[in-house]
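> structure, please.
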Amino acid sequence: MIRGGKASTIVDGCSLNLFAHDELDAIHLATLEVLERTGIDVYLKEAQEIFAAAGARVNKENNRVHIPAYLVEDAIRSAPPTVVLCGRNPKNDIVLNGRRVGFTNFGAGVMIIDPFTGVHREPTKHDVGLTALICDALDTVDVYSTTVVARDVNEKTVDLHEAEVFLVNTSKHCMHLDPTNGKNARKYFEMAAAIVGGMDKLRERPIVSILACPVSPLQLHKETCEQIMECAKAGVPVNILPMGMAGATSPISLAGAMVTHNAEVLSGLVLHQLVAKGAPAIYGSATTTFDLTCTTAPVGAPELGLFSAGICELAHYYNLPVYVAGGVADSKLSDAQAGHEKTITALLPALAGANLMFGMGMLDLGVTFSYAQLMIDHDIAKMIKRAVYGIPVNDATLAADIINQVGPSKNFLAEKHTRQFMPAEQSKPMIIDRRMRGTWESRGGKDIREVANEEAVKILRTHKPEPLPESVLKQLRSIVESAEQDNML
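Numbers count the residues shown, from 1 in each chain. Predicted structure coming up:
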C-alpha cells in the first residue's frame with residue numbers, strides 16, 4: 001500500500017537464533033584480542049590523540065591504535081540501546097531497538113534503470129530527487145537512504161547536492177551514505193537544522209543521520225573518523241558500516257569475518273563514544289563474501305543472509321540497534337533469480353531481528369537501482385514483515401466462540417471476526433498477482449516487471465511530498481552554493 005497517514009509498520013514476532021550465548025562470547029573475546037593485540041589503523045591525527053588520551057596505545061609512525069578491552073566495554077555500555085530516527089513529519093519517526101524489523105531502500109547505486117525509457121545509465125541529481133519521491137510514497141520504506149550517486153555535479157560537493165533534493169522530496173528520516181568529509185557533514189547538518197529550526201532542535205529530533213564506512217581490513221580512514229566525530233558532536237545518529245569481503249579483505253570463514261567486522265565497528269564506536277558519551281550509534285553491516293571463482297562480491301548469496309543474521313545477533317548481544325544488508329540481488333533483471341536472492345537474503349536477517357535492512361530496489365551486485373524492482377521489493381518486504389509477525393495465539397485468534405457459532409457446513413466470510421483480523425492475518429501485495437489466469441489474461445497478461453514499472457511511473461507522476469517553505473529552500477540552496485565556493489578557493 002502507499003503511505004496514507006499511518007505510521008510505518010515495524011513488526012516484532014518470530015525469531016531465528018544462529019548462535020549459542022557462549023559462541024557470541026567467543027566472537028566478542030576474539031574481537032577484544034584483535035583490537036588490543038593487532039589494533040586498528042587510524043588515519044586522522046585528532047582521532048589518534050583522542051584514543052591516546054583515553055588510554056589506547058598509539059604508534060604515530062604507522063598510525064596503529066591498540067584499543068584496550070576496557071575502552072571497548074565502556075563504549076558498548078554507554079551507547080544507547082534505542083535510537084529514534086525522526087522524520088520531519090513525526091508520523092514517520094522510526095524506533096530502532098530490540099528485534100523490531102524495518103526496511104530501507106538500497107544505496108548508493110552508480111547506475112539506474114530509467115523508468116520512462118528503460119535505458120541503463122548513470123544517475124543524476126534529478127534522479128536522486130525522484131528516488132526520494134517514490135520512497136516517500138511507499139509505506140514499507142521506513143527510512144530514506146541516498147539511493148543513487150548524482151554523477152552530474154561537482155564530486156567534492158555531491159553529497160550536499162544530493163541532500164538538497166532528497167530533503168525536499170521526502171518527510172521521512174534521511175540517511176546519507178558516506179558524506180565526502182567532516183566539513184560536508186557539518187554542512188549537511190546545517191541543511192537539516194534549517195528545516196527543523198536550529199542545531200538544538202536537530203539534536204532533539206535528528207531528521208538525518210550518516211552512514212560511515214570503516215575500510216576492511218581494520219582501518220578507520222580520515223574521512224570516516226571525521227564523519228563519526230562530527231555525528232557525535234552534533235548528536236546526529238551514525239551508522240558504522242564495514243563492507244568486508246570474506247575471503248579477500250576478511251577471513252573466508254564467516255565466523256572469522258565476523259571478528260574483523262566486529263573490530264571495525266567497535267573501533268568506530270569507541271571513537272564515537274569518546275567524543276560524546278551516550279551519542280546515538282547504529283551497528284551496521286554490508287559485509288559479504290568474495291567469490292573466488294567469479295572474482296566478485298556477490299550480495300544475493302545465502303552467505304550474505306547468514307552473515308547479516310549473525311550480525312543482528314551480535315548487535316542484540318551488545319544491546320545496540322542494527323542495520324544490515326538484506327533483500328539484495330546479483331541478478332541484472334527483475335527476474336526469478338532476483339526474487340530468490342532477495343527473499344533468502346532478507347528473510348534470514350528479518351527473523352534474526354534486523355532493525356533496518358537495506359536493499360530495496362537493488363540489482364546487479366549493488367551497482368544498479370531499479371524503480372520496478374523497488375515496487376516488487378515493496379511486496380517482498382510486506383510479506384517478510386507478515387512472516388516475522390508469526391501466529392499470535394490468544395482467545396481472540398483461537399476464535400473458539402466464532403467456530404462454535406458458525407458450526408459445520410457454513411463459512412466465515414461474513415463474520416465480523418474475519419473483517420477484524422484480515423489486515424493483520426493476510427498479506428496484501430500491490431504488484432504480485434494472485435488472480436486466476438483468465439482474470440490475469442483479461443488485464444493484459446503482463447509480467448511482473450511491466451506491472452511494477454507502470455506503478456512506479458504512476459507514483460512518480462502523481463505523488464506529492466510534504467512541501468518545505470520557500471525560505472527553507474533558499475537556505476538549502478545557499479548552503480550548497482557556499483560549499484561550492486569553498487571548494488573553488
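> burial measure for residue 78, as a count.
Neighbour count of residue 78, defined by other C-beta atoms under 10 Å: 17. For glycine as for every other residue, the C-beta is placed from the backbone atoms N, C-alpha and C.
> hang on, it packs against residue 277?
Yes. Here residue 78 reaches residue 277: they are 4.5 Å apart, a contact under C-beta atoms under 8 Å.
> any idea which residue sits dead centre in the protein?
The chain has residue 358 as the residue nearest its centroid, 3.9 Å off, counting by C-alpha atoms, centre = their mean.
> so what's the backbone phi/psi at the residue nearest to that one when sequence neighbours are not counted?
The shortest distance from residue 358 to any non-neighbouring residue, by C-beta to C-beta, 6 or more residues apart in numbering, is to residue 104 (4.9 Å). Here is the backbone geometry of residue 104 (degrees, to the nearest 10): phi -140, psi 160.
> beta partners for residue 104?
Following DSSP bridges, residue 104 is listed with bridge partners residue 143, residue 358.
> so it is in contact with residue 144, correct?
Yes. If you go by C-beta under 8 Å, residue 104 and residue 144 touch, sitting 7.1 Å apart.
> overlap of the contact sets of those two?
Both residue 104 and residue 144 are in contact with residue 175, where contact means C-beta atoms under 8 Å, 6 or more residues apart in numbering.
> now do the contacts for the residue nearest to residue 358.
Taking C-beta under 8 Å, 6+ apart, we find residue 104 in contact with 141, 142, 143, 144, 145, 175, 323, 356, 357, 358, 360.
> could the residues you listed go into JSON lines alongside distance to residue 456?
What follows is those, written out as JSON lines (distance: C-beta to C-beta, whole Å):
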{"residue": "141", "distance to residue 456": "13"}
{"residue": "142", "distance to residue 456": "19"}
{"residue": "143", "distance to residue 456": "19"}
{"residue": "144", "distance to residue 456": "16"}
{"residue": "145", "distance to residue 456": "18"}
{"residue": "175", "distance to residue 456": "22"}
{"residue": "323", "distance to residue 456": "25"}
{"residue": "356", "distance to residue 456": "22"}
{"residue": "357", "distance to residue 456": "20"}
{"residue": "358", "distance to residue 456": "19"}
{"residue": "360", "distance to residue 456": "12"}
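> now that we have the residues you listed, which one has the most neighbours?
The contacts of residue 104, ranked by neighbours (other C-beta under 10 Å): first place residue 323, 32 neighbours.
> name the SS class of that residue, please.
strand (DSSP: H, G, I helix; E, B strand; the rest coil).
> mind checking how far residue 450 is from residue 296?
29 Å (C-beta to C-beta, to the nearest Å).
> and the contacts of residue 104, which is closest to residue 86?
Lowest distance from residue 86 to the contacts of residue 104 (C-beta to C-beta) belongs to residue 143, with 10.3 Å.
> check which helix or strand covers residue 268.
Assigned by DSSP states H and E, residue 268 falls within helix 254-275.
> who are the packing partners of the helix or strand following that helix?
Downstream of helix 254-275, the first helix or strand assigned by DSSP H and E is strand 281-285. Secondary-structure packing of strand 281-285 (3 or more C-beta pairs under 8 Å, 6 or more residues apart in numbering; DSSP states H and E): strand 238-240, helix 254-275, helix 302-318, strand 322-325.
> partner strands of strand 281-285, with direction?
If you go by DSSP bridges, strand 281-285 pairs up with strand 238-240 (parallel), strand 322-325 (parallel).
> and whichever helix or strand comes after that strand, how far out from the chain middle?
Downstream of strand 281-285, the next assigned helix or strand under DSSP H and E is strand 288-289. The chain centre lies 17 Å from the centre of strand 288-289; the measure is C-alpha atoms, centre = their mean, to the nearest Å.
> what about strand 288-289, average pLDDT?
If you average the pLDDT over strand 288-289, you get 96.
> cool, stretch 187-202 as well?
Mean pLDDT, stretch 187-202: 98.
> how long is stretch 277-293 end to end?
With C-alpha to C-alpha, to the nearest Å as the measure, stretch 277-293 spans 45 Å from end to end.
> flag every buried residue along it.
Buried residues in stretch 277-293, defined by neighbour count with 16 or more other C-beta atoms under 10 Å: 279-291.
> same for the helix or strand containing residue 25, what does it pack against?
In the assignment (DSSP H and E), residue 25 maps to helix 21-33. In terms of contacts (3+ C-beta pairs under 8 Å, 6+ apart), helix 21-33 is packed against helix 69-78, helix 254-275, helix 302-318.
> how far away is residue 457 from residue 428?
22 Å.
> those two: which is more packed in?
Higher neighbour count among residue 457 and residue 428: residue 457, with 16 against 13, using other C-beta under 10 Å.
> apart from its chain neighbours, what residue comes closest to that one?
The spatially closest residue to residue 457, leaving aside those adjacent along the chain, is residue 115, at 5.3 Å (C-beta to C-beta, 6+ apart).
> ok, now which ones touch that neighbour?
Neighbour list for residue 115: 371, 372, 453, 456, 457, 460 [criterion: C-beta under 8 Å, 6+ apart].
> adding secondary structure, distance to residue 91 and pLDDT, write the residues you listed out as JSON lines.
Listed next are those as JSON lines, based on DSSP: H, G, I helix; E, B strand; the rest coil; distance: C-beta to C-beta, whole Å; pLDDT from 0 to 100:
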{"residue": "371", "secondary structure": "helix", "distance to residue 91": "24", "pLDDT": "98"}
{"residue": "372", "secondary structure": "helix", "distance to residue 91": "27", "pLDDT": "98"}
{"residue": "453", "secondary structure": "helix", "distance to residue 91": "29", "pLDDT": "98"}
{"residue": "456", "secondary structure": "helix", "distance to residue 91": "23", "pLDDT": "98"}
{"residue": "457", "secondary structure": "helix", "distance to residue 91": "26", "pLDDT": "98"}
{"residue": "460", "secondary structure": "helix", "distance to residue 91": "22", "pLDDT": "98"}
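> between which two of those is the distance greatest?
Between any two of those, the greatest separation by C-beta to C-beta is 11.7 Å, found for 372 and 460.
> okay, the two: which has more neighbours?
Between residue 372 and residue 460, residue 372 has the larger neighbour count (other C-beta under 10 Å), namely 25 against 16.
> distance of that one from residue 172?
21 Å.
> ok, now residue 270?
From residue 270 to residue 172 the distance is 30 Å (C-beta to C-beta).
> with residue 437 instead?
Residue 437 sits 38 Å away from residue 172, going by C-beta to C-beta.
> quick one: low-confidence parts of this protein?
Within the chain, the segments meeting pLDDT under 70 span 1-14, 488-489.
> which parts of the strand or helix carrying residue 128 are buried?
Secondary structure assignment for residue 128, by DSSP H and E: helix 125-137. Neighbour counts over helix 125-137 (16+ other C-beta under 10 Å) mark 125, 127, 128, 129, 130, 131, 132, 133, 134, 135, 136, 137 as buried.
> mind putting these into TSV with distance to residue 472?
Formatted as TSV, these follow (distance: C-beta to C-beta, whole Å):
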residue	distance to residue 472
125	18
127	22
128	18
129	16
130	20
131	21
132	16
133	18
134	22
135	20
136	17
137	22
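> residue 99: which of these is nearest?
Among these, residue 135 lies closest to residue 99 (C-beta to C-beta), at 23.9 Å.
> picking that back up, any chance of the helices and strands packed on strand 281-285 in CSV, plus distance to residue 346?
Listed next are the helices and strands packed on strand 281-285 as CSV, based on distance: least, C-beta to C-beta, whole Å:
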stretch, distance to residue 346
strand 238-240, 18
helix 254-275, 18
helix 302-318, 7
strand 322-325, 9
